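Student: What follows is a predicted protein model with its sequence.
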Amino acid sequence: MTTREASDYSVVNRYVENAKKAWYKFSRNKMSVVGLVVIVLIILSAVFARIVAPYPKHAGAFVNYAEANLPPGWHHLLGTDVFGRDILSRIIFAFRGALIMGVGVLVMVVPIGTVIGLIAGYMKGSLIETILMRITDIFLALPPLILALAVCAVMRPTLFNSMMAVCISWWPWYARLVYGMASSLRNEVYVRAAELIGESRFHIIFREILPNCLAPIFTKMMLDMGWVILTGASLSFVGLGEQPPTPALGTMVSDGAKYLPDYWWISIFPAIAIMIIVLAFNLLGDGVKDMLSTEE
Amino acid sequence: MSENRIILEVKGLKKYFPIHKGDKTLFVKAIDGIDFEVREGETVGLVGESGSGKSTTAYCVIGMYSVTSGTILFKGKDISCASSQRPLELKRDMQIVFQDPGTSLNPQHTIYKIIELPLKVHGLAKGREMRERIVQLLESVELPESYLYKYPRMIGGGERQMVAIARALATNPSFMILDEPTSSLDVSVQAKIINMLIKLQKEFNLSYLFITHDLSLMRNVATRVVIMYLGKIAEMAPTEIFFQSPQHPYTQMLLSSIPVVTKEEEELKPKKIKSQGEIPSPVNVPPGCSFNTRCPLAKPECFEKDPVMVQVGPDHFVRCNLFA
């Protein structure tokens, strides 16, 4: 079976080749590489928070009034809060919640939005399309933050509930995006050809149309990551989401706001952390967009 | 040839597309009552200018369009319904090759996946057999096995069309519609594709409905030629007779406008009729004979009376008032 091996080798070769090309496209913009590096550092520090954080115990219900409100210095790089907890350590632990929020929301939102968009787009002109897209429009008309506030107000304010709230207002964007693509892709000759061959609707939607929608979906996911985290931070700023003593970036900003401007470090550094994580995901998203664009 | 079994029979086929202008509804009469047949093992060349309804005819036969009226019989069975209502077995037996292989092959699929599709849908191969069958199909269109895992964008236009042909062949059809299969390709690969199609026709005993606007191509490929003008058939004849003694003024005009190089070729052509005007819009078909706006031999009655199809020789039909 030498031919088998030869072709398998060429498959591996092709992946290497494609990866090289993709990296070239991605790395042409230096800022997206910066974004990638920052994201990797944030993910690593969140995963290994116990090792990385200088005072892991400060992430919980820890109180040490002797060291309360210390400005940034050698012992506490970013200072301490009113309970004497190390702000850097708390930010590192808060990254966990922020990332869980971003990934969790997208993992729930993208498949739902994509499937609804695909079905509605492929069935354009049918009753199913009308029903699906009008439902989408209704959800789209709800302002995300206010809806999230309402959901969290009715249910217990936990990280999971605030994720669900963001999901409810976020999936219509994916449904719209995919609907637009699917309703134009269904007129492609290769889709017609598949219909004439006798491929089932299910397979036409998922085998012929979906692969041609993946690049824009993936790009939007990367760009959305930052915005979801920002929304999550906004929710925790008003007290919804992760509850104290577990650190959350939004909560930290709002807690410190009471002591501005004297103890500015308590809220400014978590705010900067939010900014960095959102900015990094946006830069990464731009890079991914370049990488997946078809131009050579 | 003529004693061969009729495989496809089109009777009084009409296809109107409605267009809404204000509160009025107009109809584009893309096909306005045509009759023709395709016999086993034969190649029928359906020739016409753009807007003559030749591609619409192909799409009605394959089921991409539902017909307005008329019947299409395939092996004696009525198939004048949309493809979604057609039985799977019919889809296996009848295939189409589209004009542009750049759009008819999914850019996200490898050649393997593209050819695998019809085999999978119709349950023609499984497991290890699948790969062997795909390689075999690639071989029949003279593409190497190494193309299996390439994407359509990585290969040339002609090779892409070969893949499209291999995909159509995969289900072992008896009838194939070729919708201008060479017109989007370079001249250098056109001949290769045509020769391949002729070879495959003999090998698999295929019947072709060959849609084209290239009349000179038909001389070598078709057994019979059907000329369409504004949704109607102008003339229908076996290829040899068609090129030797064309009867309809439109046919004569088309044949005399084929560019030639040598004097001998020039003499082969029918008496010179200068091509004039352009095909009118199928929304406003002129009254009487639809060709009257361009016909050099038009008589007064041609502006009133729509001609009917007349037989002028064996298998030779003309629709013109001059022969009525």
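Tutor: Yep, it's here.

Student: ok, now which ones touch B:L254?
Tutor: Under the criterion of Cβ atoms under 8 Å, 6 or more residues apart in numbering or on different chains, the neighbours of B:L254 are B:47, B:215, B:227, B:275. Yep, even glycine has a C-beta here, placed from its N, CA and C like the rest.

Student: Also A:E188?
Tutor: Counting by Cβ under 8 Å, 6+ apart, the residues that A:E188 touches are A:212, B:103.

Student: Mind checking which of the contacts of B:L254 are buried?
Tutor: Neighbour-count burial (16 or more other Cβ atoms under 10 Å in any protein chain shown) is assigned, among the contacts of B:L254, to B:47, B:215, B:227.

Student: Looking at those residues, spot the one nearest A:P157.
Tutor: Closest approach to A:P157 among those (Cβ to Cβ): B:V47, at 73.6 Å.

Student: Hmm, B:V226 and that closest one touching each other?
Tutor: Yes - here B:V47 reaches B:V226: they are 6.9 Å apart, a contact under Cβ atoms under 8 Å.

Student: Can you name the residues of chain A sitting close to chain B?
Tutor: Among all residues of chain A, those adjacent to chain B (criterion: Cβ under 8 Å from any Cβ of the partner chain) are A:3, A:7, A:10-11, A:14, A:188-190, A:192-200, A:208, A:211-212.

Student: Check chain A and tell me which residue is nearest its centre.
Tutor: Note on chain A: the residue nearest the mean C-alpha position is A:M225, at 2.3 Å, using Cα atoms, centre = their mean.

Student: what about residue 141, how many neighbours?
Tutor: No chain in the question, so chain A it is. Using other Cβ atoms under 10 Å in any protein chain shown, A:A141 has 8 neighbouring residues.

Student: not quite, I wanted chain B
Tutor: Neighbours of B:V141 (other Cβ under 10 Å): 21.

Student: residues touching it, list them.
Tutor: B:162-163, B:165-166, B:169, B:196, B:200.

Student: 10 Å - rerun?
Tutor: Listed by Cβ atoms under 10 Å, 6 or more residues apart in numbering or on different chains, the contact set of B:V141 reads B:115, B:159, B:161-167, B:169, B:193, B:196-197, B:199-200.

Student: Next one: it relative to B:L124, how far apart?
Tutor: Here the criterion is Cβ to Cβ, to the nearest Å. By it, B:V141 lies 17 Å from B:L124.

Student: One more: A:G121?
Tutor: When distance is defined by Cβ to Cβ, A:G121 is 31 Å away from B:L124.

Student: Settle it for me: which of those two has more neighbours?
Tutor: Set A:G121 next to B:L124 and count neighbours by other Cβ under 10 Å: A:G121 wins out with 25 against 15.

Student: How confident was the prediction at A:A6?
Tutor: If you check A:A6, the pLDDT there is 49.

Student: If you could redo that for B:E180, that was the one I meant.
Tutor: B:E180 carries a pLDDT value of 91.

Student: and it, how many neighbours does it have?
Tutor: Under the criterion other Cβ under 10 Å, the count of neighbours that B:E180 has is 19.

Student: That one and B:L209 touch, don't they?
Tutor: No - with contact defined as Cβ atoms under 10 Å, B:E180 does not count as touching B:L209 (11.8 Å).

Student: shared neighbours, these two?
Tutor: A shared contact of B:E180 and B:L209, defined by Cβ under 10 Å, 6+ apart, is any residue touching both; here these are B:54, B:58.

Student: that older thread, intersection of neighbour lists for B:V47 and B:V226?
Tutor: When contacts are counted by Cβ under 10 Å, 6+ apart, B:V47 and B:V226 are jointly contacted by B:54, B:210-211, B:218, B:234-235, B:242.

Student: Tell me the most packed of the residues you listed, by neighbour count.
Tutor: So for the shared contacts of B:V47 and B:V226 (other Cβ under 10 Å), the most neighbours sit at B:F210, 30 neighbours.

Student: quick check: longest helix of the chain.
Tutor: If you meant another chain, say so; for now it's chain A. For chain A, the longest helix by residue count, based on DSSP state H, is helix A:87-122.

Student: you looked at the wrong chain, it should be chain B
Tutor: For chain B, assigning by DSSP H, the longest helix comes out as helix B:187-204.

Student: list the buried ones in that one?
Tutor: Neighbour-count burial for helix B:187-204, with 16+ other Cβ under 10 Å as criterion, is recorded at B:189-190, B:192-194, B:196-197, B:200-201.

Student: of all these, which comes closest to B:S281?
Tutor: Among the buried residues of helix B:187-204, B:Q190 lies closest to B:S281 (Cβ to Cβ), at 30.3 Å.

Student: Which secondary structure element is home to B:L46?
Tutor: Assignment of secondary structure by DSSP states H and E places B:L46 within strand B:43-47.

Student: can you tell me if the helix or strand just after that strand touches chain A.
Tutor: Counting by DSSP H and E, the next helix or strand C-terminal to strand B:43-47 is helix B:54-62. Yes - if you take Cβ under 10 Å from any Cβ of the partner chain as the test, helix B:54-62 does meet chain A, through B:59, B:62.

Student: B:P173: how many residues sit nearby?
Tutor: Close neighbours of B:P173, defined as other Cβ under 10 Å, add up to 19.

Student: For the closest residue to it other than its chain neighbours, give its distance to A:N64.
Tutor: Taking Cβ to Cβ, 6 or more residues apart in numbering or on different chains, and ignoring the residues beside it in sequence, B:P173 has B:Q95 as its nearest neighbour in space, at 4.4 Å. Separation of B:Q95 from A:N64 (Cβ to Cβ): 79 Å.

Student: same deal with A:T251?
Tutor: Taken as Cβ to Cβ, the span from A:T251 to A:N64 is 19 Å.

Student: who's more crowded, those two?
Tutor: When A:T251 and A:N64 are compared on other Cβ under 10 Å, the one with more neighbours turns out to be A:T251, at 26 against 14.

Student: My guess is that one contacts A:G97. True?
Tutor: Yes - counting by Cβ under 10 Å, A:T251 sits close enough to A:G97 to count as a contact (9.5 Å).

Student: residues bridging contact with these two, i.e. touching both?
Tutor: Listed as contacting both A:T251 and A:G97 by Cβ under 10 Å, 6+ apart are A:233, A:236, A:241-242.
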